[in-house]
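Asks: Here is a sequence with its predicted model. Questions after.
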Amino acid sequence: MASKDAPENGQGPQPDPWQAFSQIVAGVLLYGGAGWLADRWLGTTFLVAIGILLGAGFGIYMVVKQFGHVPPTDSKK
């Protein structure tokens with residue numbers, strides 16, 4: 001019996017849209033929260049926006065890194 005992570009066709013793990021979504025949301029929440037805490041500590045108002053943007057960027061990077069692999073095609077056909 002094949003697992004979800006290793007399909008029988010040998011193409012690698014299949015992307016799970018909820019996992020991709022949760023990685024992006026987790027990045028936004030984590031870095032946005034860190035920016036909010038830094039804003040409270042330093043008395044500024046712009047670090048939360050920077051944290052949200054960085055979190056979204058890192059979340060998208062992790063999704064592309066995990067699911068963005070395209071298997072090579074046989075070009076000798």
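Replies: Ah, there it is.
Asks: low-confidence ranges in the chain?
Replies: The model of the chain has pLDDT under 70 over residues 1-14, 70-71, 74-77.
Asks: Mind telling me what element residue 55 is part of?
Replies: Secondary structure assignment for residue 55, by DSSP states H and E: helix 47-67.
Asks: Show me what counts as buried in that helix.
Replies: Across helix 47-67, burial judged by 16 or more other CB atoms under 10 Å covers 47, 48, 50, 51, 52, 54, 55, 56, 58, 59, 63, 67. All C-beta atoms are positioned from the backbone trio N, CA, C, and that covers glycine.
Asks: separation between residue 46 and residue 35?
Replies: 9 Å (CB to CB, to the nearest Å).
Asks: doesn't residue 47 make contact with residue 39?
Replies: Yes - assessed by CB atoms under 8 Å, residue 39 is found in contact with residue 47 at 4.7 Å.
Asks: quick one: the longest helix along the chain to chain centroid distance?
Replies: When the chain is parsed with DSSP state H, its longest helix is helix 17-42. Chain-centre distance of helix 17-42: 12 Å, with CA atoms, centre = their mean, to the nearest Å.
Asks: Please work out the angle formed by the directions of it and helix 47-67.
Replies: 150 degrees (axes from the mean of the first three to the mean of the last three CA atoms, to 10 degrees).
Asks: on contacts alone, who are the packing partners of helix 17-42?
Replies: helix 47-67 (3 or more CB pairs under 8 Å, 6 or more residues apart in numbering; DSSP states H and E).
Asks: I appreciate the help and will end here.
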